[in-house]
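Novice: no letters, just coordinates:
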Ligand SMILES: Nc1nc2c(ncn2[C@@H]2O[C@H](COP(=O)(O)OP(=O)(O)OP(=O)(O)O)[C@@H](O)[C@H]2O)c(=O)[nH]1
Ligand SMILES: [Zn+2]
C-alpha cells in the first residue's frame, strides 16, 4: 500500500496519509472504462491520481480519533451553555458516494468541574466524523456521543442542516431541500434549556 508521504500531506487532514492511493486509482480507472470513457485520453490520464488524493482528504476521518482533539481540556469557571453554531462542513453520503453539505451547531453544558474544550475542537470533531462515508443521522449522534464520552458534560445538543446532492442532482431531484437532524443528551432534554439553545441556534 502506498501512502501519501509527509510532504504530500501538508495541508491535508492527518488521517489522509493512511488511505490506499493505488487501490483508489485502479478503481477509478475501472469506473472510467465502465461508463464508456477512455482513461488514457490526455484530459483523464491523471484523473485517477487526482481522485485518489481527493478521496484521501474526503475520507481522512476514518483514520482519526476524536480523543485526539477532545483529549485536551481546560478547567474554566463556566458551567453554562457553550455553543458554536454555523460550522460549515462537507460529508459524503454512504449510499451514493456523493456529497452532502451544510452546517452543524454544536453546544454543551460543561461538567460541574468546568471541563471545557477549545472552541475550534468542536469544529474539528465535526470534520472527523464528516470525512467518512456517512448518513446524516449517524454523523449527528456520533458528534454528540463523542462530546459525552470525552468531556462528560451535563448536556449536549447537536443540530445539523444539510443539502444532499443525491437528492438534488439525481434521483428525486429536489435541489434546495434541507434535512435537519438533532441529537440531545443529558440536561438539554429539559424543555427550557433546550428552548434556550434552539433560540440561540435559530438566532431568535
Ligand atoms: N436517512 C438517510 N437517508 C439518506 C441519507 N443520505 C441519503 N439518503 C437516502 O438513502 C436512500 C437510498 O435509497 P435507495 O432506494 O436504496 O437508493 P436509490 O434507488 O438511489 O434512491 P433514490 O435516491 O430515491 O433514487 C435515498 O432515499 C436517499 O435519499 C442520509 O444521510 N440519511
Ligand atoms: Zn445519497
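Specialist: Structure's in. What do you need? The structure presented is a predicted model; accordingly, all values stated were derived computationally and were not measured. Ligands and ions are numbered 1, 2, ... in the order given.

Novice: what residue ranges in this structure score low on pLDDT?
Specialist: Applying pLDDT under 70 to the chain flags residues 1-2, 6-9, 204.

Novice: mind running it again at 80?
Specialist: 1-10, 204 (pLDDT under 80).

Novice: okay, helices next: where are they in it?
Specialist: Shown for the chain, the helices assigned by DSSP state H span residues 21-34, 47-58, 66-70, 119-130, 136-151, 165-168, 191-202.

Novice: buried stuff in the fifth one?
Specialist: By neighbour count, with 16 or more other Cβ atoms under 10 Å as the criterion, the buried positions of helix 136-151 are 136, 139-147, 150-151. C-betas here are computed from N, CA, C, even on glycine.

Novice: measure the most far-flung residue of the chain relative to its centre to ligand 2 for me?
Specialist: The outermost residue of the chain, judged against the average C-alpha position, is residue 41 (34.7 Å), by Cα atoms, centre = their mean. Note on residue 41: its distance to ligand 2, by Cβ to the ion, to the nearest Å, is 29 Å.

Novice: around ligand 2, pick out the residues from the protein.
Specialist: Listed as neighbours of ligand 2 in the chain under the rule Cβ under 5 Å from the ion: 93, 95-96, 166.

Novice: could you rerun that using 6 Å?
Specialist: Counting by Cβ under 6 Å from the ion, the chain comes close to ligand 2 at 93, 95-96, 164, 166.

Novice: of those, which is the most crowded?
Specialist: residue 164 (24 neighbours; other Cβ atoms under 10 Å).

Novice: from residue 29, how far off is it?
Specialist: 28 Å (Cβ to Cβ, to the nearest Å).

Novice: same check on residue 108?
Specialist: For residue 108 relative to residue 29 (Cβ to Cβ), the value is 45 Å.

Novice: repeat for residue 12
Specialist: In terms of Cβ to Cβ, residue 12 sits 22 Å off from residue 29.

Novice: also residue 160?
Specialist: 35 Å.

Novice: who has more neighbours, those two?
Specialist: residue 160 (25 against 17).

Novice: wait, the more buried one touches residue 138, no?
Specialist: No: judged on Cβ atoms under 8 Å, residue 160 makes no contact with residue 138 at a distance of 10.7 Å.

Novice: next one: stretch 155-175 to chain centre, how far?
Specialist: Computed by Cα atoms, centre = their mean, to the nearest Å, the chain-centroid distance of stretch 155-175 equals 13 Å.
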